[in-house]
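# can't give you the sequence, but here's the structure:
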């Protein structure tokens, strides 16, 4: 069983930046694809970004965040990051990190989930 803990959320003005972290409890972290998802009020949870298991690996982004968000990971620290720049009010959501043996944009592929961290972007 792997536990994930997100941190770094908060309140920021539009145009600002935040860096989310996701710390994993297990050394097997480096064997999994890391994904970030988000859920805005009244909406379904949606895909944000993924990164393949190795540090500096292949990344993928939702069109809505491409060019503004950067995903990364440090397997030596069992930690992944989501750097969010040029934030917009529509980025307001609870952000979740998750681990999958296979990856992809579908939540059903992810076995382990964090509790989420709130990001609020004011206009």
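Received it, and whenever you're ready, just let me know what you need. Since this is a predicted model, take the numbers as computed values, not measurements.

# helices or strands up against the strand or helix carrying residue 19?
Under the criterion of DSSP states H and E, residue 19 resides in strand 18-24. Counting contacts by 3 or more CB pairs under 8 Å, 6 or more residues apart in numbering; DSSP states H and E, strand 18-24 packs against strand 4-7, strand 33-39, strand 79-84, strand 93-100, strand 117-122. No exception for glycine: its C-beta is placed from N, CA and C like everyone else's.

# can you rerun that using 7 Å?
When contacts are defined as 3 or more CB pairs under 7 Å, 6 or more residues apart in numbering; DSSP states H and E, strand 18-24 packs onto strand 4-7, strand 79-84.

# got the buried residues for that strand?
18, 20-24 (16 or more other CB atoms under 10 Å).

# out of those residues, who's nearest residue 123?
Distance ranking of those against residue 123, using CB to CB, places residue 18 first at 15.8 Å.

# quick revisit: so can I have a markdown table of the buried residues of strand 18-24 showing distance to residue 93?
Shown next, in a markdown table, are these (distance: CB to CB, whole Å):
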| residue | distance to residue 93 |
| --- | --- |
| 18 | 12 |
| 20 | 11 |
| 21 | 17 |
| 22 | 15 |
| 23 | 20 |
| 24 | 21 |
